[in-house]
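**Student:** Coordinates only, no sequence provided:
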């Protein structure tokens, strides 16, 4: 709940790489052009074209972002062990690179489902264009943050903000256990456990903490920023 009306909140103020770094300083962001957005899966030769429009275009306030995250805590040590024990040319990286689109959508954008009841709604939309799995690069994953700003039915001078965050993980990553469980030193590096934050290798509050904790922290930090920016 924010103590100001939706019309007093300028979402375009948040469509910057600097805003994303305020959410999570551990992830470094750089604004890129729509032409720089890479393919979703280069190995399969498939693209990640939006069927409705080209990424980061067709919206009044929209930017493309290139992001880099250096895995934290003991995970890089675990990755080093994985790479030494694997008989594979393809090595697991100790960092993640991904691209996203960050947009502030129009209050008049057509809506459906439950959101249709939210009159004068504004949207802050971040849709992942390409990311890579923590332990199985370059398998792409998809993530999305979606924020809705709407009137408080009981007080027009207040705003209710509802936030959603979804992170998709390929089933093959979650099922990959045997190659790790059979090696004693790697039993705590089972991809599913690391991604879910159930490994002794998890640490910090960013992606290395595990995706559930990371998602909760992202939403909590955004709420904190909105509270801090009351005069903007």
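**Tutor:** Alright, I've got the coordinates. Given the structure is predicted, the values throughout are model-derived calculations rather than measurements.
**Student:** gap between the residue lying farthest from the centre of the chain and residue 160?
**Tutor:** What lies farthest from the middle of the chain is residue 154; by C-alpha atoms, centre = their mean that is 32.6 Å. Taking C-beta to C-beta, to the nearest Å as the measure, residue 154 falls 10 Å from residue 160. All C-beta spots, glycine's among them, are computed from the backbone N, C-alpha and C.
**Student:** Same check on residue 106?
**Tutor:** Distance, residue 106 to residue 160, by C-beta to C-beta: 19 Å.
**Student:** Between these two, which is the more surrounded one?
**Tutor:** residue 160 (17 against 14; other C-beta atoms under 10 Å).
**Student:** isn't there a strand covering that one?
**Tutor:** Yes - Residue 160 forms part of a strand when assessed by DSSP: H, G, I helix; E, B strand; the rest coil.
**Student:** Next one: it from residue 57, what distance?
**Tutor:** Counting by C-beta to C-beta - residue 160 and residue 57 are separated by 30 Å.
**Student:** so where do the helices sit in the protein?
**Tutor:** Using DSSP state H, the helices of the chain run over 17-23, 75-85, 171-175, 178-181, 191-195, 211-228.
**Student:** Ranking helices and strands of this structure by mean pLDDT, which lands last?
**Tutor:** strand 122-132 (a mean of 44; mean pLDDT, DSSP states H and E).
**Student:** quick one, phi psi at residue 9?
**Tutor:** Here is the backbone geometry of residue 9 (degrees, to the nearest 10): phi -100, psi 120.
**Student:** so what's the spatially most central residue of the chain bridging to?
**Tutor:** Computing the C-alpha centroid of the chain and ranking residues by C-alpha atoms, centre = their mean puts residue 143 first, at 4.9 Å. Counting by DSSP bridges, residue 143 forms beta bridges with residue 167.
**Student:** thought it was touching residue 169?
**Tutor:** No - checked against C-beta atoms under 8 Å, the pair residue 143 and residue 169 is beyond contact range at 9.7 Å.
**Student:** count of residues packed around residue 16?
**Tutor:** Neighbour number of residue 16 under other C-beta under 10 Å is 15.
**Student:** Give me the pLDDT for it.
**Tutor:** Looking at residue 16, its pLDDT stands at 91.
**Student:** likewise residue 27?
**Tutor:** With respect to pLDDT, residue 27 scores 94.
**Student:** swap in residue 2?
**Tutor:** 90.
**Student:** got the contact list for it?
**Tutor:** 9, 158, 159, 160, 161, 226, 227, 230 (C-beta atoms under 8 Å, 6 or more residues apart in numbering).
**Student:** could you check the distance from the second one over to residue 3?
**Tutor:** Distance, residue 158 to residue 3, using C-beta to C-beta: 6 Å.
**Student:** before we move on, what about the fourth one?
**Tutor:** The spacing between residue 160 and residue 3, counted by C-beta to C-beta, is 12 Å.
**Student:** And for the last one?
**Tutor:** For residue 230, the distance to residue 3 equals 7 Å [C-beta to C-beta].
**Student:** go on, the first one?
**Tutor:** Residue 9 is 11 Å from residue 3, where distance means C-beta to C-beta.
**Student:** who's more crowded, those two?
**Tutor:** residue 9 (20 against 12).
**Student:** Run a quick check on that one versus residue 149, I expect a contact.
**Tutor:** Yes - the pair residue 9 / residue 149 is scored as a contact, 6.0 Å apart, by C-beta under 8 Å.
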